[in-house]
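Mind folding the following:
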Amino acid sequence: MQSGPDTIGAFRNRLDQSDAEALDWWHECTATIEHSEASVGAWEALAESPPALDPALADRPLYGVPVGIKDIIDTVDLPTAWGTGGYLRSAGALVDASLVTLLKQQGALIMGKTVSTEFAYFTPGKTRNPHDEARTPGGSSSGSAAAVAAGMVPIAFGTQTAGSMIRPASYCGVYGFKPTFNTLSTAGVRGFAPSLDTLGWFARSIGDICTVFTSLTGAAEIAPQQSLAGVRIGTFSLPAGQPLAPDVQKVIAEAEALAKEAGAEIVPLALGDDFEQLVEHQRVVMAYESAGTLASEYDRFADQMGPKLVELIEEGRNISWMRYCEAMRAVASARQSLTQIFDTRVDAILAASATGEAPLGLEATGDPLYCRAWTLLGVPCLNLPIGQGSNGMPIGVQLIADRWADEHLLSLASGLVGGLKPVAVAEREPALSA
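Below is the predicted model:
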């Protein structure tokens, strides 16, 4: 069941023409949640009633738009449990996270807190993939991706430290945008690896991705690039030392064909061993920094933490300062090289978002392999819900630009995909609550 307008723009038109009230989309989303939540399990906490809307914000682009907030992001009015299953829980923060305040200032309505994996790492929560409830939605932004895919909200926010936005966007068949590192303040967001943690968001249309970007950053309105003639799109997935799965190869080929049809030139890239090593450098940085960030939680709650999280923290405690510095110097050098590639060879890079379709089972959230290096580089990445795999499940590709070229990336992507919509979630009978 998916109800409500297709896009934020369509909702704005309805409001401007007096064909809708400001809380209509909220109530439509509430009905969808009541229908689907027992099956999908996207929410950790829901608002009991719609927040009060300030009519003075009626001209803001996000006025009346319901949004989901990942459960590692502080909110005054809703509890936060950081995906811990309850061994840590706050009834409400003293102040909202910076992101939440910005959203409220734009007239957005906080629908609730979406399920996160434990501290946004690998231990999964209760969420299931709306396209096949026997499969993972990905992680760590599990609930946000699933809620958007199921039509429960048009926009939901997550974070990415390895592949926590792009991978679930691919698995759930929606747009997912990880902007340039530090585009949005992470004040009030539970940290994991501060050099990597990046706020992003999911949507069912590229136009909505752009609207949220301009609303939260103050950037000018992003217009789709009318023609891709003269645009050079490089193709390269990191790591490149192993073959892509056939399903992924097929979807990348479909994306390349779409780009060629729009007039773009496809440029195969080979970036060399220094880039290949970034995948392992990302693992080092994430482990080292998480061991410091979660030192207190590990000290007090290690016996209650998921084994994968404990393993990562203990690995990080054994990484030397010298090895960490080696990784950070390597990424600084790679960023300079990548900027030169964007300046001289390509306008964007097309790469795998995930290793394939969402895996069967709910005990794990899939492999972030093809996202690790790009996250370490801090570049903007956008999952495009291009195709499907051999089992009919969504598979996306990511389009990547240089740091601080987010507007260029979104304009190019808008011209590339046009009105392309994600694969619709099949109608289902409401599940019975346990």
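
What count of nearby residues applies to the closest residue to residue 405 other than its chain neighbours?
Distances taken as C-beta to C-beta, 6 or more residues apart in numbering place residue 380 nearest to residue 405, at 6.8 Å, with adjacent residues excluded. Bear in mind the C-beta positions are built from the backbone N, C-alpha and C, glycine included. The tally of other residues near residue 380 (other C-beta atoms under 10 Å) stands at 28.

how long is stretch 236-244 end to end?
Stretch 236-244 stretches 11 Å from its first residue to its last (C-alpha to C-alpha, to the nearest Å).

Give me the below-cutoff pLDDT ranges for this protein.
Applying pLDDT under 70 to the chain flags the ranges 1-4, 419, 421, 423, 426-434.

which residues in it form strands?
Using DSSP state E, the strands found in the chain span residues 43-46, 66-70, 109-114, 155-160, 175-178, 198-203, 232-235, 265-268, 348-352, 381-388, 394-400.

Select, out of these, the one closest to residue 192.
Nearest of the strands of the chain to residue 192, taken as C-beta to C-beta: strand 155-160 at 8.0 Å.

Is it possible to get JSON lines of the strands of the chain that adds mean neighbour count and distance to residue 413?
What follows is these, written out as JSON lines (neighbours: other C-beta atoms under 10 Å; distance: least, C-beta to C-beta, whole Å):
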{"stretch": "strand 43-46", "mean neighbour count": "20", "distance to residue 413": "29"}
{"stretch": "strand 66-70", "mean neighbour count": "30", "distance to residue 413": "21"}
{"stretch": "strand 109-114", "mean neighbour count": "26", "distance to residue 413": "24"}
{"stretch": "strand 155-160", "mean neighbour count": "28", "distance to residue 413": "17"}
{"stretch": "strand 175-178", "mean neighbour count": "30", "distance to residue 413": "9"}
{"stretch": "strand 198-203", "mean neighbour count": "26", "distance to residue 413": "12"}
{"stretch": "strand 232-235", "mean neighbour count": "20", "distance to residue 413": "11"}
{"stretch": "strand 265-268", "mean neighbour count": "13", "distance to residue 413": "16"}
{"stretch": "strand 348-352", "mean neighbour count": "26", "distance to residue 413": "8"}
{"stretch": "strand 381-388", "mean neighbour count": "26", "distance to residue 413": "5"}
{"stretch": "strand 394-400", "mean neighbour count": "28", "distance to residue 413": "5"}
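
Output the ones you listed in JSON lines; the columns should cover distance to residue 302.
Converted to JSON lines, these look like this (distance: least, C-beta to C-beta, whole Å):
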{"stretch": "strand 43-46", "distance to residue 302": "23"}
{"stretch": "strand 66-70", "distance to residue 302": "24"}
{"stretch": "strand 109-114", "distance to residue 302": "25"}
{"stretch": "strand 155-160", "distance to residue 302": "23"}
{"stretch": "strand 175-178", "distance to residue 302": "30"}
{"stretch": "strand 198-203", "distance to residue 302": "27"}
{"stretch": "strand 232-235", "distance to residue 302": "43"}
{"stretch": "strand 265-268", "distance to residue 302": "47"}
{"stretch": "strand 348-352", "distance to residue 302": "35"}
{"stretch": "strand 381-388", "distance to residue 302": "33"}
{"stretch": "strand 394-400", "distance to residue 302": "35"}
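
Which one, of the ones you listed, ends up nearest to residue 296?
Closest approach to residue 296 among those is made by strand 155-160 (19.9 Å; C-beta to C-beta).

Report the backbone C-alpha coordinates of that closest one in CSV.
Output of strand 155-160 as CSV, limited to C-alpha atoms (Å, rounded to 0.1, in the frame of the first residue of the first chain):
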residue,chain,number,x,y,z
ILE,A,155,11.9,11.1,2.9
ALA,A,156,14.0,9.4,5.6
PHE,A,157,17.4,10.2,6.9
GLY,A,158,20.3,7.8,7.6
THR,A,159,24.0,7.8,8.0
GLN,A,160,26.9,6.2,6.1
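
Wait, residue 91 touches residue 77, no?
No - the criterion here is C-beta atoms under 8 Å, and residue 91 misses it with residue 77 at 10.2 Å.

Which one's more surrounded, the two?
residue 77 (14 against 8).

Quick check on the residue nearest to the more buried one when sequence neighbours are not counted: phi, psi?
Excluding the flanking residues, the one nearest residue 77 by C-beta to C-beta, 6+ apart is residue 92, at 6.3 Å. Main-chain dihedrals, residue 92, degrees, to the nearest 10: phi 170, psi 150.

which residues does the residue nearest to residue 405 contact?
177-180, 183, 400-401, 403, 405-406, 409 (C-beta atoms under 8 Å, 6 or more residues apart in numbering).

For residue 65, state which of those is nearest.
Proximity of these to residue 65 (C-beta to C-beta) peaks at residue 177, which lies at 15.9 Å.

how far away is the closest one from residue 20?
Noted for residue 177: a distance of 26 Å to residue 20, by C-beta to C-beta, to the nearest Å.

now do residue 49
From residue 49 over to residue 20 (counting by C-beta to C-beta), the distance is 19 Å.

the more surrounded of those two?
Between residue 49 and residue 20, counting by other C-beta under 10 Å, residue 20 is the more crowded of the two (19 against 8).
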